[in-house]
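Q: I would like to see how this sequence folds:
(chains A and B)
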Amino acid sequence: GAVVSQHPSRVICKSGTSVKIECRSLDFQATTMFWYRQFPKQSLMLMATSNEGSKATYEQGVEKDKFLINHASLTLSTLTVTSAHPEDSSFYICSAPRRDRGSRGYTFGSGTRLTVV
Amino acid sequence: SQKIEQNSEALNIQEGKTATLTCNYTNYSPAYLQWYRQDPGRGPVFLLLIRENEKEKRKERLKVTFDTTLKQSLFHITASQPADSATYLCALGVTNNDMRFGAGTRLTVKP
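A: Below is the predicted model of the structure:
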């Protein structure tokens, strides 16, 4: 149980275009979704927290107008990288808290490798 | 400043030995701590959670300890196998939903 499906797994886009990444919770309701980015050999860096039906909370230094987050339903959260630049190239991962069997682990999506050329 | 440090970027061990990974933290008071496994190009997979009032937790060949005085967690894999090769991340539970991750230790188990 507790699966988060993330798409696309890889995307290459041109500089200046926008890319949308989707995360769906398949067998549970995710009222909260966390969005991370990860550079090679570095830690997961929390970008923002999305809550269903309300505005996302962004971490310090993350531009909310550049990384648009929508959490319109209990099973879908999206991250749109707007006007992408090469420095936005990274691995983006979503995760949702899981509550099955009393666990407090997070369920992660499989990640999206974004390359901006 | 707040830090989460995993002792080494990479750890190489022989198959059958016990792998021990360290997670140290500074200026945090986590209510719980988690360990995840991450394979290249994939999202992390939850392994174990240990609460601040627990000293040790086991799951099959995995064992986690949590010392809030030393501000340290140890993650052990006994009878290691090549399939255990991956990056292992520790994550501190700062609040009910707020997790902060270490940079990970890349474990390689050689046959």
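Q: Enumerate the residues of chain A near chain B.
A: A:4, A:6, A:32, A:34, A:36, A:41-44, A:46, A:49, A:91, A:93, A:95, A:97-98, A:103-111, A:113 (Cβ under 8 Å from any Cβ of the partner chain). Heads up, the C-betas are built off the backbone N, CA and C, glycines and all.
Q: So which of those residues belong to strands?
A: Counting by DSSP state E, these place A:4, A:6, A:32, A:34, A:36, A:44, A:46, A:49, A:91, A:93, A:95, A:97, A:106-108, A:113 in strands.
Q: from those residues, which is closest to chain B?
A: Comparing those against chain B with Cβ to the nearest Cβ places A:F108 closest, at 3.4 Å.
Q: For the closest one, the count of nearby residues, please.
A: Residues near A:F108, counting by other Cβ atoms under 10 Å in any protein chain shown, number 24.
Q: For the nearest residue to it once chain neighbours are set aside, grab phi and psi.
A: Closest residue in space to A:F108, ignoring its immediate chain neighbours: B:G43 at 3.4 Å, by Cβ to Cβ, 6 or more residues apart in numbering or on different chains. Phi and psi for B:G43, reported as degrees, to the nearest 10, are phi -80, psi 160.
Q: In contact with B:G43, which residues?
A: Neighbouring residues of B:G43 by Cβ atoms under 8 Å, 6 or more residues apart in numbering or on different chains: A:4, A:6, A:93, A:95, A:108-111.
Q: and if you look at B:S85?
A: B:107-109.
Q: and the gap between it and chain A?
A: Note on B:S85: its distance to chain A, by Cβ to the nearest Cβ, to the nearest Å, is 16 Å.
Q: list the contacts for residue 33?
A: Defaulting to chain A. For A:M33, the contact set (Cβ under 8 Å, 6+ apart) comprises A:23, A:25, A:49-50, A:71, A:77, A:94-96.
Q: Oops, wrong one, chain B.
A: By Cβ under 8 Å, 6+ apart, the contact set of B:L33 is B:23, B:49-50, B:64, B:66, B:73, B:90-93.
Q: model confidence over the one helix or strand it maps to, on average?
A: Taking DSSP states H and E as the definition, one finds B:L33 inside strand B:32-38. Mean per-residue pLDDT for strand B:32-38: 93.
Q: roughly how far out does it sit from the chain middle?
A: Relative to its parent chain, strand B:32-38 has a centroid offset of 5 Å by Cα atoms, centre = their mean, to the nearest Å.
Q: Next, the angle strand A:90-97 makes with that strand.
A: Orientation note: strand B:32-38 sits at an angle of 130 degrees relative to strand A:90-97 (axes from the mean of the first three to the mean of the last three Cα atoms, to 10 degrees).
Q: Give the next helix or strand downstream of strand B:32-38.
A: Criterion used, DSSP H and E; the element after strand B:32-38 is strand B:45-51.
Q: Does the following helix or strand past that following strand reach chain A?
A: Using DSSP H and E, the next helix or strand after strand B:45-51 towards the C-terminus is strand B:56-59. No - judged by Cβ under 8 Å from any Cβ, strand B:56-59 stays clear of chain A, getting no closer than 11.4 Å.
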